[in-house]
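Peer 1: structure of the sequence below:
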Amino acid sequence: MLTLRPVRVATGHEEEGQLVFDGADRLIAVLVMLSEHNPVAPGHWFLEAGFGLLDKVAHPTFPDLDAAQRWMSEGLARHHQEPHEPRRRAPFKAPRM
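Peer 2: Got it, this is the predicted structure:
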């Protein structure tokens, strides 16, 4: 479950934002509402920053906060369903004496 908390973001143009936290109360994203004067997606929400699993994704826009939450929830759920390769450790080497 995702939780949103309003915040003002100093982007230079748009300031209305939302901090997005996961179920463990970890910050996973910062969303910013684009101004009505934005030429690309006026009034939409933009993924200004992503953390953890959302760090390496493109920065999409969403028509509303429900769409943004749905996209993030689906992406996080997909990640937890995919099989994961176990991390491989280097073999332990005892120091020579």
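
Peer 1: ok, A41 - contacts?
Peer 2: Neighbouring residues of A41 by CB atoms under 8 Å, 6 or more residues apart in numbering: 34, 61. Heads up, the C-betas are built off the backbone N, CA and C, glycines and all.

Peer 1: ranges for the strands of this protein?
Peer 2: Residue ranges of the strands in the chain, as given by DSSP state E, are 3-8, 16-21, 27-33, 45-50, 61-62.

Peer 1: quick one: the helix or strand of the chain with the lowest mean pLDDT to strand 16-21, angle?
Peer 2: Least confident helix or strand of the chain, by mean pLDDT, DSSP states H and E, is helix 65-81 with a mean of 86. Relative orientation of helix 65-81 versus strand 16-21 (axes from the mean of the first three to the mean of the last three CA atoms, to 10 degrees): 20 degrees.

Peer 1: my guess is G43 contacts L34. True?
Peer 2: Yes. G43 is within contact range of L34, at 6.5 Å (criterion: CB atoms under 8 Å).

Peer 1: higher neighbour count, these two?
Peer 2: Neighbour count, other CB atoms under 10 Å: between G43 and L34, L34 has more, with 19 against 13.

Peer 1: so V32 bridges to which residues?
Peer 2: G17, F46 (DSSP bridges).

Peer 1: list the contacts of it.
Peer 2: Applying CB under 8 Å, 6+ apart, the residues contacting V32 are 9, 11, 14-17, 45-46, 48.

Peer 1: thanks again, I'm all set now.
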